[in-house]
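The sequence and its predicted three-dimensional model are supplied below.
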Amino acid sequence: MPHFSWSIDGSIIGFYLLVTMAAGVWLRKRVRRVEDFLVAGREMNLHLGIASLAATEFGVITCMYAAQAGYTQGFAGAFPGLCQAGGMFFVGWTGFCVKRLRDKGVMTLPELFENRFGQRVRWLSGVVIVMGGLLNMGVFLKIGGQFLVLVTGLDLSYLVLIMTILLGLVAIYTMLGGMLSVLVTDFLQFVVMSVGLLVVTVMVLVYVGWDQLVTTVETYHGTGGFLPFANPHTGWAFVTMQILMGISTTLTWQTVISRLLSAKDSKTGQQVFTRTSFFFVCRWIIPGLWGIAALAMLGWKPLDALSATDRAALPQEVAQKIEASPVGIPLDGLSLEEQAAIPAKVKASLNDTSLNAMPKWMSTFLPIGLMGLLLAAMLAADMSTDASYMLSWGSVIYNDILAPFRRKPWPHARAILWNRCIIALIGVYLFVFGLWYNMEGNVWSYLALTGSIYLSSMSALLIACCYWPRANNWGAFSAIVLGALVPVVHLVMEQSDSLKPLLHGFNKDHAGIAAFVASALGMVIGSLLKPKSSSVTSTPAQA
Amino acid sequence: MIEHWFWFGITVLVVAWYSTITVWIAIRGAMDIREMVANLDAEQAAEEVDESE
């Protein structure tokens, strides 16, 4: 029975929502120029930047996939956090690419590329960034709603209502105040979220205990639960891919970059990166511990996720194989014929066991009052992420994809109105995609794959733009096409029963690494093939 | 066993660092917001003076 009280926990949540909305709406009158709306008039200072970046990069989805990683891989599941922290610290400390990017005074990454590679590359970069970003963000709302429904013990039929309310609230203050509202609400959300995360983590450590967490990981995962290299489901390809992702997300992920571009100057932007970097360890370790605790308390019982009727419909032998499967991979021991005989709905429930374990356990672990704090923290996390993501992808649509349709600069009022309409349309897309798309398997793998559609090519373009005088638009086009082609082809082959055997163990991590290599080669070979005289420009982005 | 200590050390560091940074950011972030709003208001006032001239 979930420990959720509408009077106590509901009041805590209601109060939090009221304060956030008031703060978000308060700043709407200060939005006069499009720069105020998209980059907060470049007035963001260090501490606000840290709060905003941390709040944006921790959503309910982060909590869910990091807890799933802890549940299915033990402590080793937090390895991507170490890579992201390392990547962000390195980039912030050295100023690698980001110093030149901020000093150029652009509002988005493709805007920088136009100076070097021409308008068409800017437009295509915008399309690839928005495509990868929106596919990535498409699952946020549903998983956020799923968490809230599971923790409160509400019926799943309330999922759509909760998604609508969440999205509506976020869309209102983002559309009214743009980046200014996002920064202030991010600050409030950072404080609420952090208090909630810390209190719950201390409770987990006190009541479950460190020894039990370690014993659980040893029992279910062995050495692979502590060392990603020793884990058969991760290994060297996983580690390499995480390092590449750690650096490339810092360099090119629009929500991260928008904090750099909103900073007062490049030094402040770099400091935001170095001082927020360790937060990326926290964002994996904290939910990871919750996931391990859920495994310790609930164990791995995938059949419990099914209704009595669905369980009874499974052949005895199949049920035994599912029960004996490795943690997080319920269909691992089944033949293709056995898998094909299981209805899609039952397969989805089995695959969701590891994702839903943490919220299910939390619903009975936390007492009334603390449950309200956790929910307020998770709402804060979700709202800050959704708001920033809507604004970030919206800014690329306005600034880069619509750029060819603006012969001369639009008046500020018109530009702001367009930005507001784009955000509203993104909200509609999120709602429809969230309802329609049924995701299976590991959430982090889905996010990494959709992200890699553009992370590889945009990183190649940015590095070449900043440091390689010979880079040109031929190289840029080749990098974009190859960087998107490799993950898309892999995804298609993986989904096709006839093509799947051709992959011969070439998994998502291998495909991701191949995308980075292909983009880099595309940039180098394409640039070298173009005759020097027809280059658009050959000056690297200078400060 | 060293890997157990590694993750134990990371966990302790996470709780200690995150607690400290939360208090620090709660105080300094609020000051940053005040400064940002004051700067925007000053800019707006300056623009209005320019327009009236």
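On my side now, so go ahead. Numbering: from 1, shown residues only, chains lettered A, B, ... in the order given.

Up against chain A, what does chain B have?
Residues of chain B lying close to chain A by CB under 8 Å from any CB of the partner chain are B:3-4, B:6-8, B:10-11, B:13-15, B:17-19, B:21-22, B:24-26, B:28-33, B:35-37, B:39-41, B:43-44, B:47. Where you see a C-beta, it was placed from the backbone N, CA and C, and this is true even at glycine.

Quick check on the residues you listed: which are buried?
For the residues of chain B next to chain A, a neighbour count by 16 or more other CB atoms under 10 Å in any protein chain shown gives the buried set as B:7, B:10-11, B:14-15, B:18, B:21-22, B:25-26, B:28-30, B:32-33, B:36-37, B:40, B:43.

Mark which of these are part of helices, please.
B:7, B:10-11, B:14-15, B:18, B:21-22, B:25-26, B:28-30, B:32-33, B:36-37, B:40, B:43 (DSSP state H).

Got phi/psi on residue A:263?
phi -70, psi 160 (degrees, to the nearest 10).

what sits against it?
A:42, A:44-45, A:49, A:102, A:269, A:272 (CB atoms under 8 Å, 6 or more residues apart in numbering or on different chains).

Kindly recompute the last result at 7 Å.
Taking CB atoms under 7 Å, 6 or more residues apart in numbering or on different chains, we find residue A:263 in contact with A:44, A:49, A:102, A:269, A:272.

The third one should be in a strand, yeah?
No: remark: residue A:102 does not belong to a strand; assigned using DSSP: H, G, I helix; E, B strand; the rest coil, it is helix.

tally of neighbours for the closest residue to it other than its chain neighbours?
The shortest distance from residue A:102 to any non-neighbouring residue, by CB to CB, 6 or more residues apart in numbering or on different chains, is to residue A:266 (4.0 Å). Per other CB atoms under 10 Å in any protein chain shown, the neighbour tally for residue A:266 reads 18.

if I look at residue A:266, how far off is chain B?
Distance of residue A:266 to chain B, computed by CB to the nearest CB, to the nearest Å: 18 Å.

How about residue A:491?
In terms of CB to the nearest CB, residue A:491 sits 33 Å off from chain B.

Check residue A:355 too.
Counting by CB to the nearest CB - residue A:355 and chain B are separated by 23 Å.

helix or strand for that residue, which one?
helix A:353-365 (DSSP states H and E).

ok, and for that helix, which residues are buried?
A:353-363, A:365.

Next up, identify which helix or strand residue A:390 is on.
Using DSSP H and E, residue A:390 maps to helix A:370-396.

In terms of secondary structure, what does that helix contact?
Using 3 or more CB pairs under 7 Å, 6 or more residues apart in numbering or on different chains; DSSP states H and E, the elements in contact with helix A:370-396 are helix A:8-26, helix A:46-56, helix A:60-73, helix A:119-137, helix A:140-152, helix A:159-207, helix A:254-262, helix A:412-436.

will you turn the ones you listed into JSON lines that also has distance to chain B?
Converted to JSON lines, the helices and strands packed on helix A:370-396 look like this (distance: least, CB to the nearest CB, whole Å):
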{"stretch": "helix A:8-26", "distance to chain B": "9"}
{"stretch": "helix A:46-56", "distance to chain B": "4"}
{"stretch": "helix A:60-73", "distance to chain B": "11"}
{"stretch": "helix A:119-137", "distance to chain B": "25"}
{"stretch": "helix A:140-152", "distance to chain B": "21"}
{"stretch": "helix A:159-207", "distance to chain B": "4"}
{"stretch": "helix A:254-262", "distance to chain B": "10"}
{"stretch": "helix A:412-436", "distance to chain B": "11"}
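
need the ones you listed in JSON lines with distance to residue A:323, mean pLDDT and mean neighbour count, can you?
As requested, the helices and strands packed on helix A:370-396 are arranged in JSON lines below (distance: least, CB to CB, whole Å; pLDDT from 0 to 100; neighbours: other CB atoms under 10 Å in any protein chain shown):
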{"stretch": "helix A:8-26", "distance to residue A:323": "35", "mean pLDDT": "76", "mean neighbour count": "17"}
{"stretch": "helix A:46-56", "distance to residue A:323": "40", "mean pLDDT": "85", "mean neighbour count": "27"}
{"stretch": "helix A:60-73", "distance to residue A:323": "16", "mean pLDDT": "90", "mean neighbour count": "28"}
{"stretch": "helix A:119-137", "distance to residue A:323": "34", "mean pLDDT": "88", "mean neighbour count": "22"}
{"stretch": "helix A:140-152", "distance to residue A:323": "22", "mean pLDDT": "78", "mean neighbour count": "23"}
{"stretch": "helix A:159-207", "distance to residue A:323": "27", "mean pLDDT": "85", "mean neighbour count": "22"}
{"stretch": "helix A:254-262", "distance to residue A:323": "41", "mean pLDDT": "85", "mean neighbour count": "25"}
{"stretch": "helix A:412-436", "distance to residue A:323": "32", "mean pLDDT": "84", "mean neighbour count": "17"}
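
Compare those and give me the one nearest residue A:527.
Residue A:527 sits nearest to helix A:119-137 of all the helices and strands packed on helix A:370-396, at 12.1 Å, using CB to CB.

Now do the closest one: everything it contacts.
Residues contacting helix A:119-137 (CB under 7 Å, 6+ apart): A:109-111, A:113-114, A:254, A:389, A:393, A:396-397, A:400-401, A:403-404, A:429-430, A:447, A:450-451, A:453-454, A:457-458, A:461, A:473, A:476-477, A:480, A:484.

Please indicate which of those are buried?
Judged by 16+ other CB under 10 Å, buried ones among the contacts of helix A:119-137: A:109-111, A:113-114, A:254, A:389, A:393, A:396-397, A:400-401, A:403, A:430, A:447, A:450-451, A:453-454, A:457-458, A:461, A:473, A:476-477, A:480, A:484.

Can you tell me which of these end up in strands?
Within these, no residue falls in strands by DSSP state E.

Columns distance to residue A:334 on top of the helices and strands packed on helix A:370-396, output as a markdown table?
Converted to a markdown table, those look like this (distance: least, CB to CB, whole Å):
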| stretch | distance to residue A:334 |
| --- | --- |
| helix A:8-26 | 41 |
| helix A:46-56 | 40 |
| helix A:60-73 | 18 |
| helix A:119-137 | 29 |
| helix A:140-152 | 25 |
| helix A:159-207 | 29 |
| helix A:254-262 | 39 |
| helix A:412-436 | 28 |
